[in-house]
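>>> Sequence and predicted structure are below.
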Amino acid sequence: MVRVVEHPIVKHKLGILRDKHTKPQEFRRLLEELSQILAYECTRDLALARVEAETPLQRTTVERVSEDLILASILRAGEGMIGGFLEMLPFATLGHIGIYRDKMMDQTVEYYFKLPPNMAGKKVLLLDPLLATGDTCLAALDRLKQYEVGPIKVVSLLSSPIAVDKIAADHADVEIYTLSIEAGLNEKGYLLPGLGDAGDRLFGTL
């Protein structure tokens, strides 16, 4: 299932993010703001519990999130989404997955994997700003499922049709939240129109 988050403000901010003249500091700020919007949209199904609280005027019953939530960031571009997600979801715990696609070997390579303990059955939001070929995301999903986690949602800014199709074929139970389904990929595997390499633009390593 793919959910494209559409809103005039989202389109405005995404348009600035795409612009090649947008500086790294502005790129980071916009990515964090868009991540907050995505965090809001993809957590509509979080369970709530009713608890007692006291307002300045009286005691009352309020609702608070009552289930564990794990954020899993795919290095290194996923780091740009963490701030926005933790701003909205401060109760979440965080893990990191280091996986990249080796074009010479034509396969994915894992170099780092650190997640919170006791993952079984817990909801996971997998943060990957750009779903291009989808291979890195697929490898991360395979690894997460080895830990028998609960429902997984992939959260990205931009996604290619081929990546969406791959995830649907191999992980039909995984939902995808994105801001745009792009036209496709160029010969180097970059999204079109895209926004370039998210990691390079985040950290000024162009």
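In hand now; what should we look at? Keep in mind that what you see is a predicted model, and the values were worked out from it rather than measured. Numbering: from 1, shown residues only.
>>> hey, where'd the strands end up in this protein?
Using DSSP state E, the strands of the chain run over 2-4, 48-54, 59-65, 69-74, 93-102, 107-114, 123-127, 130-131, 152-155, 158-159, 175-178, 180-181, 184-185, 191-192.
>>> contacts for the third one?
Residues from elsewhere that reach strand 59-65 (C-beta atoms under 8 Å, 6 or more residues apart in numbering): 46, 47, 48, 49, 50, 51, 52, 53, 54, 91. Where C-beta positions appear, they are placed from N, C-alpha and C, glycine not excepted.
>>> Output the below-cut-off pLDDT ranges for this structure.
Low-confidence segments of the chain (pLDDT under 70): 102-106, 206.
>>> 80 instead?
100-108, 205-206 (pLDDT under 80).
>>> Go ahead and flag the most central residue of it.
Among the residues of the chain, the one closest to the centroid is residue 127, at 2.4 Å (C-alpha atoms, centre = their mean).
>>> That one against residue 76, yeah?
No - in this structure residue 127 lies outside contact range of residue 76 using C-beta atoms under 8 Å: 11.6 Å.
>>> quick one, what contacts residue 150?
120, 121, 122, 123, 124.
>>> Which of the residues you listed has the largest number of neighbours?
When neighbours are taken as other C-beta atoms under 10 Å, the top entry among the contacts of residue 150 is residue 124 (26 neighbours).
>>> so how far is residue 15 from the residue lying closest to residue 204 once chain neighbours are set aside?
Nearest residue to residue 204, sequence neighbours excluded (C-beta to C-beta, 6 or more residues apart in numbering): residue 24, at 4.2 Å. Between residue 24 and residue 15 the computed distance is 18 Å (C-beta to C-beta, to the nearest Å).
>>> Between these two, tell me which one has more neighbours.
residue 24 (14 against 11).
>>> any idea how far that one is from residue 31?
Applying C-beta to C-beta to residue 24 and residue 31 gives a distance of 10 Å.
>>> ok, now residue 8?
Counting by C-beta to C-beta, the gap from residue 8 to residue 31 is 19 Å.
>>> Which one's more surrounded, those two?
residue 31 (24 against 7).
>>> So the more buried one is in contact with residue 179, correct?
No - contact criterion C-beta under 8 Å: residue 31 and residue 179 do not qualify, at 10.9 Å.
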